[in-house]
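**Student:** got a sequence here, can you model it:
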Amino acid sequence: MLGRLTTSETLIGLGYVAIWIALLFGIQRFLWARGIRQFSAFGA
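**Tutor:** Next comes the predicted model:
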């Protein structure tokens, strides 16, 4: 259960993490731009 990971398993895991970060970053950018566009006239 607490065994060591091989180098390839570690790299695969880091690859999954990188994919999640890129995906969530893209979603965040999309939602931020959408929110700015929707509320840009508020208080102007």
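**Student:** where along the protein do the helices fall?
**Tutor:** Ranges of helices within the chain are 7-39, based on DSSP state H.
**Student:** residue ranges with poor pLDDT in it?
**Tutor:** 1, 41-44 (pLDDT under 70).
**Student:** need the contact partners of stretch 8-16.
**Tutor:** Stretch 8-16 has contacts (CB atoms under 8 Å, 6 or more residues apart in numbering) with residue 5. Heads up, the C-betas are built off the backbone N, CA and C, glycines and all.
**Student:** and that stretch, C-alpha only, in PDB?
**Tutor:** What follows is stretch 8-16 as a C-alpha-only set of coordinates in PDB (Å, rounded to 0.1, in the frame of the first residue of the first chain):
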ATOM      1  CA  SER A   8       7.400   6.100 -15.100                       C
ATOM      2  CA  GLU A   9       4.500   6.000 -12.600                       C
ATOM      3  CA  THR A  10       5.600   9.300 -11.200                       C
ATOM      4  CA  LEU A  11       5.800  10.900 -14.600                       C
ATOM      5  CA  ILE A  12       2.400   9.600 -15.500                       C
ATOM      6  CA  GLY A  13       1.000  11.000 -12.300                       C
ATOM      7  CA  LEU A  14       2.600  14.400 -13.000                       C
ATOM      8  CA  GLY A  15       1.200  14.300 -16.500                       C
ATOM      9  CA  TYR A  16      -2.300  13.900 -15.100                       C
END
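**Student:** now do that stretch: distance to the chain's middle.
**Tutor:** Centroid separation for stretch 8-16 versus its chain: 16 Å, with CA atoms, centre = their mean, to the nearest Å.
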